[in-house]
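Q: My questions concern the predicted model and sequence given below.
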Amino acid sequence: MDTKIRELSYGSMKFAGFINRTISFVNEKQLYNQKLWKSFVDVYRTKEDNEDARWRCEYWGKMMRGACLCYKYENDPKLYTVLKETVLDMLSTQDEDGRISTYLKESEFRSWDMWGRKYIMTSLLHFYEICPEIELKNKVLTAVKKHADYIIEHVGKEEGQINITDTSEWWLGVNSSSILEPFVNLYNVTKEEKYLDFAGYIVNEGGIRDGNLIKDVEEGKLLPYQYEEAKAYETMSFFEGVFEYALAINDEHLFEIAIKFFELVEESEISVTGNAGSEDENFSHCSINQTVKPERFCQETCVVVTYMRIMHKLFLITGDDKYYERFIRSGLNSYLSSLNFNNQSGYEYYSKVILDPLPFDSYAPLVYDRHGVSTGGLNFMKDGSFYGCCTCIGSAGIGLIATTSILEDDESIYINDYFIGEVNNKSIKVNIKGDYIKGEKVILDIHSLKDVKLRIPSWSNPSIMVNGQEINNIKGHYLSIGKGDLYVTISFNQKIVKEKVNDMVMYRYGNIVLGIDELSNLDITLEDIHAKDIKGFKPIECKDALVCFQAEYKGRDLIFKDYASTGKYWDIEKNRLTVFVKE
């Protein structure tokens, strides 16, 4: 995927606050853990998924992709050394036919085998992108091609081949069809037509067995939750491949279909915190049903990170900042809520097993519910360790937040967000002070060789001064302020906004959704709170919260925090939270 808008050079941005905290946490709890990497590679040697048709095969690739995205921000030699070592370890599992799989050859191409092969391809291509060593890059690319060539030989419409949608018994095969994206990416790297041809074959199959998701979107008669297959994570991953393929072959109509799908997802499936799946992990008309407590759990972490990845890509492709707004809404709310900073115990809903802590929670509650209700995609390995799918994907979220905040093209610098920190590369130097999330004035001291464009959030009513001159009549999504030496102050003037969603009420401060938890309000029953009784908000300091407000409620104090900071102690008895309250 070639785009005009691109990331800054590796390591050129250093942010403080929640970005630094999260990156450091993820490194120490996950990405530096060589024993963890080894356990994920070993399942490719032991073929453990062959015994129970599970998805341990995704763990290594998911975590590698996230680690590479974090590396783009950090440019950390220690992290690179760890990644190089585990990549070489993984390459050593490739057999003479090119297979890198956790399934035996005699029982391959079933269940989650193709899904795992997808994650081998996408993760190795992510490592290929960050790798500075030519010999190692060539070795990685050779391995990916052999891996892909074996798939092309055995999957397809010819006699003796298995159709792509028949390579999994799950979700009508859409999980297997999502291998479309890395095949397009492999074509983009190699320009070998056979990979693009195979991608075209997958597109023509429509994503699912006995149906066609692309035609469903094109016809426009159904919403995503009404499709024959409505698994949110896998279906979005398939359509990510569709728009990548459309770009590769310059098919404007197909690209518009993919865009239409994601617009339908935004309108009908995305909650106020930027995630989907109001019941379990499926599309469920979340825009309507998000105010209803689920029977089990909702808003999978895999779903929000996938949505963030796609919004990130669409912004790079189109330059339309609505995609960044969606991206950062999801990132600052649902995604950040998944971080298990307080080392709380895990839990598995179905087996009722208490687990040692993992770095990420798997689900994000919305109404009268709690964190830590289940460990998504849980599997145990033969070495006695365990892990979950949502924990593996988690690091990708913070890597994207960090690298997407400031971008560039040949003519311009795009300051999409205003996190405290410094940027220093050949195009721009900038020092950013002031925590805008808390409502503080932002100060930017800039020296830029390119035109600087300041993103104006849709929720803001900003007051901006550039080199002492007030900017009036601010219009549009970006404000161009020129280049050279620029001293900028911005007050976004955000206010707490009360919003009605269905028959419930929620509160928002800028792009931050506010929540209420029991721990901060021990003498109040969440279900008894009515918005009509809430009066007056004033900011206060709360430990480990991005924002915190105190309101008057029936003669008592009612504490609101940013949603991502609510309900974070799920090992204690009173641990529930809610975003929505009754009118």
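A: Perfect, thanks for sending it.
Q: Give me the phi and psi angles of D369.
A: D369 adopts backbone torsions of phi -150, psi -180, taken as degrees, to the nearest 10.
Q: If you tally nearby residues, what's the number for it?
A: 20 (other Cβ atoms under 10 Å). Where you see a C-beta, it was placed from the backbone N, CA and C, and this is true even at glycine.
Q: contacting residues for it?
A: Listed by Cβ atoms under 8 Å, 6 or more residues apart in numbering, the contact partners of D369 are K293, P294, C298, R576, L577, T578.
Q: beta partners of it?
A: L577 (DSSP bridges).
Q: can you tell me how far it sits from Q290?
A: 12 Å (Cβ to Cβ, to the nearest Å).
Q: measure S351 to W112 for me?
A: For S351, the distance to W112 - Cβ to Cβ - is 19 Å.
Q: Which one's more surrounded, those two?
A: Each of S351 and W112 has its neighbours counted (other Cβ under 10 Å); W112 has more, 24 against 10.
Q: Where does the prediction get shaky in the stretch 101-250 of the chain?
A: Within the stretch 101-250 of the chain, no stretch has pLDDT under 70.
Q: So in the protein, which helix runs the longest?
A: Identified as the longest helix of the chain according to DSSP state H is helix 134-154.
Q: Quick check: buried residues in that helix?
A: 136-137, 139-141, 143-151, 154 (16 or more other Cβ atoms under 10 Å).
Q: residues making contact with that helix?
A: So helix 134-154 is contacted by 84, 87, 91, 94, 97-100, 108-109, 114, 117, 120-121, 124-125, 127-128, 131, 161-162, 179, 183, 186, 189-190, 192, 194-195, 198 (Cβ under 8 Å, 6+ apart).
Q: could you flag which of the residues you listed are buried?
A: 87, 91, 94, 98-100, 108-109, 114, 117, 120-121, 124-125, 127-128, 131, 162, 179, 183, 186, 195, 198.
Q: about what we covered before: can you turn the buried part of the contacts of D369 into a PyMOL selection?
A: In PyMOL syntax, the buried subset of these is picked out as below (16+ other Cβ under 10 Å):
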select buried, resi 294+298+576+577+578
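Q: For the contacts of D369, could you give me CSV that also reports pLDDT?
A: As requested, these are arranged in CSV below (pLDDT from 0 to 100):
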residue, pLDDT
K293, 95
P294, 95
C298, 95
R576, 97
L577, 98
T578, 98
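Q: can you pull the contacts of L339?
A: Applying Cβ under 8 Å, 6+ apart, the residues contacting L339 are T22, F25, P359, F360, D361, G394, A564.
Q: What about the fifth one, how many residues nearby?
A: Read that as D361. Residues near D361, counting by other Cβ under 10 Å: 30.
Q: Next one: it from I415, what distance?
A: Distance, D361 to I415, using Cβ to Cβ: 31 Å.
Q: what do you get for the last one?
A: When Cβ to Cβ is the yardstick, A564 and I415 sit 23 Å from each other.
Q: Tell me the spacing between the most centrally placed residue in the chain and A551.
A: A centroid search over the chain (Cα atoms, centre = their mean) returns V305, at 1.6 Å, as the residue closest to the centre. Computed as Cβ to Cβ, the V305 to A551 distance reads 32 Å.
Q: and what of L104?
A: The value you get for L104 to A551, if Cβ to Cβ is used, is 60 Å.
Q: nearest to V423, of the buried residues of helix 134-154?
A: Nearest to V423 among the buried residues of helix 134-154, counting by Cβ to Cβ, is K137 at 27.4 Å.
Q: So which residues of the stretch 301-450 of the chain form helices?
A: 301-318, 321-330, 336-337, 389-404 (DSSP state H, counting those that start in this stretch).
Q: so which of those helices gets nearest A67?
A: Of all the helices of the stretch 301-450 of the chain, it is helix 389-404 that lies closest to A67, at 6.0 Å by Cβ to Cβ.
Q: Report the backbone C-alpha coordinates of the closest one in CSV.
A: The C-alpha trace of helix 389-404 is given here as CSV (Å, rounded to 0.1, in the frame of the first residue of the first chain):
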residue,chain,number,x,y,z
CYS,A,389,-5.6,-13.5,21.5
CYS,A,390,-6.5,-10.1,22.8
THR,A,391,-3.3,-9.8,24.8
CYS,A,392,-1.3,-10.7,21.7
ILE,A,393,-2.8,-7.9,19.6
GLY,A,394,-2.7,-5.3,22.3
SER,A,395,0.7,-3.7,21.6
ALA,A,396,-0.3,-2.7,18.1
GLY,A,397,-2.7,-0.2,19.5
ILE,A,398,-0.2,2.0,21.4
GLY,A,399,2.3,1.7,18.6
LEU,A,400,-0.3,3.1,16.2
ILE,A,401,-1.3,5.9,18.6
ALA,A,402,2.2,7.1,18.9
THR,A,403,3.2,7.0,15.3
THR,A,404,0.0,8.4,13.9
